[in-house]
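J.: Sequence first, predicted coordinates after that:
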Amino acid sequence: MSTTDAVQERQIGTGVKAFTSANSATGTIRFLDSPEEVLDFIDGPDVETTVVISRGGTTTFMSPALMAGVAGLITLQGAPESHLGILSREFGIPCVMSTEFTEGVQTGRGETIPADGTTVRLDISGDQGLVHLVES
Amino acid sequence: MTETFDPATYLAAFLGEVPQGEPGNAMMRDRLAVPFIDTTHENVRRERLETDEVNSWLDYAAWNLWDFILGRASEGESGLIPRQEYETVSFVQQWNTYPKFQQMLTDELGVEGLLELAKTSTREVGTKINVTRNWAASVCPILGRGIGIELDQDTAASRREDLESIIQYGRRLQNGTWGDGPGFVSARGFKVPTLDDDVLQSLVSQAKPFDDPEDLASFRAFNARTELFGFMLHYDCRAGMADTGPYPLPDGRVAIVRDHFLNETAYPWAGVAEGLPYCVTEVLIFPADKVSMVVTEIQTTFSEPSNYLDYLEAGVVFARDRIDTPMGELRVLEQEEMARISAQCRKGTMDMYKVLAKKSHEEKIRDGVMVYTREFLLPHATRAGIWDKFLAEGFDTLHPNAQAAWPVLTSPRAAEILTPVLLFGKGFPHVTEE
């Protein structure tokens, strides 16, 4: 656990970073599970302050989110060599792939993910991709 | 006593024995009965092959595919385009149809003409007659053979002549591009420096340093958006992009030359690309002491450190306006036009996404099969002037074996069939003496 001013952080997820960067990404979680949800999301006001979660590591599903410039990406499957890994690198959007969470809510398929609206920070500066819960 | 099968062993090393990368290449070469992955002036001109030659090629291709696909195999499911489904149906389609169409190309051009065709990638950028197609035109249909055998559509002994002709088609392309020597990128140090020096110099000499951070940011946004649009236009496959290099430069720097194909008119949805150049070609220049790069069999750059674009020092973008625009008429894109193209790629991606979101699963598989089957021969047939003849001969018609494989390969059972083929070395069974 680390403390910065009044903000506390706790690691809740570990995965594979798509690329290395000293720049982290902080934003609120939004799980996108269908193309319709992706389209609804990118028409909303909070795109650039959102860290989106998708299940797979393919590019096209998340292409509107990449084009719109989300703060960060988390996937539950996939690897850096996958298309989404490659494209997140090209866009410079921090991305943690095949992420496993230690706490959160259950998806319809029983995967554990942070609830929508949770604030997280993606750290891709080290050997792994880390997801920290940000609590103020 | 029965040995327990541990899939993790097969993910850590090919057949549980051969690693990835250059050490794996060296080990595989030692294992081959004959060094048939090396092309020679003599052996690319032969019509018939010895059994040892075929089996050596199959063994190497099996490792090569494993090496390249390992990272992607865990890509997981797609929420928009069923890519694994359309790719695997395409492999079966290619195995069953490519021999005829590759023969048509060979009849039209002759072996010498085919070798000359493959030399295109040493003289031109913005062309799909490239190293990706050299590889895919043979490895992908032969992977379809492996799937067909798993599905009992073929046996390892059947259609030997077709197998040999597909291997030779790919080897002739490799020899045309590289000359004598290893044809696979994995056997060439994972480097793809295809361009002749004079061509490279004419491109690199026009690169400009990114002194202004805003110029750099615009260039990077252009690179990302055109690349993503290329993926979308080509149904989430890498047919829309191709890197060559790394090219060491005399000033201690290193260049990558990158094609993004933005206006492939072969597809019904090409309207989203109207007004865009056929291809944009970027030259990206990095300090060689800070970034090392490899380029894969399907022309994708990976680097150490992985955030290579943070080290980008200079660059330039060219447009090839039409597929047949002469190299001498490539033009440098200025900021204003780059911004326009970038914006159109963003809009085109969104428009196409909305269309795809409404298409049925089956319709998207059918579209994907068309893309994936066309992409590896369309560039050759177009340049040879016989693409219309391909269409008239039923190039797009789904073969009965591909039709029969479709339900299985698009069902939950697919993983059971494909995992051993793709990852456990079962995709390239040996032929036996006739």
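T.: Done, it's in.

J.: Residue B:173 and residue B:120 touch, don't they?
T.: No: judged on Cβ atoms under 8 Å, residue B:173 makes no contact with residue B:120 at a distance of 10.0 Å. Placement of C-beta: from N, CA and C, glycine included.

J.: now residue B:122: how far from residue B:133?
T.: The gap separating residue B:122 from residue B:133 is 14 Å, by Cβ to Cβ, to the nearest Å.

J.: out of those two, which sits in the busier spot?
T.: Neighbours were counted for residue B:122 and for residue B:133 using other Cβ atoms under 10 Å in any protein chain shown; residue B:133 has more, 27 against 17.

J.: doesn't residue B:281 fall inside a strand?
T.: Yes: counting by DSSP: H, G, I helix; E, B strand; the rest coil, one finds residue B:281 located in a strand.

J.: what sits against it?
T.: B:125, B:126, B:203, B:257, B:258, B:259, B:260, B:317, B:318, B:319, B:320, B:330 (Cβ atoms under 8 Å, 6 or more residues apart in numbering or on different chains).

J.: what is it paired to in the beta sheet?
T.: residue B:259, residue B:318 (DSSP bridges).

J.: if we can go back for a sec, for residue B:173 and residue B:120, work out which one has more neighbours and name it.
T.: The neighbour comparison of residue B:173 against residue B:120 (other Cβ under 10 Å) goes to residue B:173, with 29 against 19.

J.: Distance of that one relative to residue B:138?
T.: 8 Å.

J.: now do residue B:91
T.: The gap separating residue B:91 from residue B:138 is 12 Å, by Cβ to Cβ.

J.: For residue A:94, which non-adjacent residue is spatially closest?
T.: Nearest non-adjacent residue to residue A:94, counting by Cβ to Cβ, 6 or more residues apart in numbering or on different chains: residue A:25, 4.0 Å away.

J.: Need phi/psi at that neighbour.
T.: When read as degrees, to the nearest 10, the backbone of residue A:25 gives phi -130, psi 130.

J.: Which residues are in contact with it?
T.: If you count contacts by Cβ under 8 Å, 6+ apart, residue A:25 has them with A:51, A:71, A:72, A:93, A:94, A:121, A:122.

J.: and if you look at residue B:146?
T.: Residue B:146 touches B:421, B:426, B:427, B:428, B:429, counting by Cβ under 8 Å, 6+ apart.

J.: Let me know whether the fourth one touches residue B:63 as I believe.
T.: In other words, residue B:428. No: using Cβ under 8 Å, residue B:428 is not in contact with residue B:63, being 9.1 Å away.

J.: quick one: buried residues of the helix or strand in which residue B:222 is found?
T.: Using DSSP states H and E, residue B:222 sits within helix B:213-233. For helix B:213-233, the neighbour count (16 or more other Cβ atoms under 10 Å in any protein chain shown) marks B:216, B:218-233 as buried.

J.: Skipping its backbone neighbours, what lies nearest residue 91 in space?
T.: With no chain named, the answer covers chain A. Among residues not flanking residue A:91 along the chain, residue B:224 sits closest, at 4.4 Å (Cβ to Cβ, 6+ apart).

J.: That was the other one, I meant chain B.
T.: residue B:144 (3.5 Å).

J.: before we move on, the earlier item: beta partners for the residue nearest to residue A:94?
T.: Note on residue A:25: beta-bridge partners by DSSP bridges are residue A:122.

J.: any idea how far residue B:393 is from it?
T.: For residue A:25, the distance to residue B:393 (Cβ to Cβ) stands at 52 Å.

J.: show me what contacts residue 61?
T.: No chain was given, so I picked chain A. Contacts of residue A:61 were listed using Cβ under 8 Å, 6+ apart, and they are A:35, A:38, A:54, B:78, B:79, B:80, B:81.

J.: ah, I was thinking of chain B
T.: Listed by Cβ under 8 Å, 6+ apart, the contact set of residue B:61 reads B:138, B:139, B:142, B:428.

J.: Just give me the closest of the residues you listed to residue A:44.
T.: Nearest to residue A:44 among these, counting by Cβ to Cβ, is residue B:139 at 43.5 Å.

J.: Tell me how far the closest one lies from residue A:10.
T.: Taken as Cβ to Cβ, the span from residue B:139 to residue A:10 is 47 Å.

J.: Between these two, which is the more surrounded one?
T.: A direct count of neighbours by other Cβ under 10 Å for residue B:139 and residue A:10 places residue B:139 higher, at 25 against 12.

J.: Would you verify that that one is located in a helix?
T.: Yes: the assignment for residue B:139 is a helix, going by three-state DSSP.

J.: tell me how far the lengthiest helix in chain B is from the chain's mean position?
T.: When chain B is parsed with DSSP state H, its longest helix is helix B:83-118. The chain centroid and the centroid of helix B:83-118 are separated by 13 Å under Cα atoms, centre = their mean, to the nearest Å.

J.: mind saving the C-alpha coords of the helix or strand just after it as PDB?
T.: Counting by DSSP H and E, the next helix or strand C-terminal to helix B:83-118 is helix B:120-123. Extracted C-alpha coordinates of helix B:120-123, given in PDB (Å, rounded to 0.1, in the frame of the first residue of the first chain):
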ATOM      1  CA  THR B 120       8.600  -6.000 -56.100                       C
ATOM      2  CA  SER B 121       9.000  -5.600 -52.300                       C
ATOM      3  CA  THR B 122      12.700  -4.700 -52.800                       C
ATOM      4  CA  ARG B 123      11.800  -1.800 -55.100                       C
END
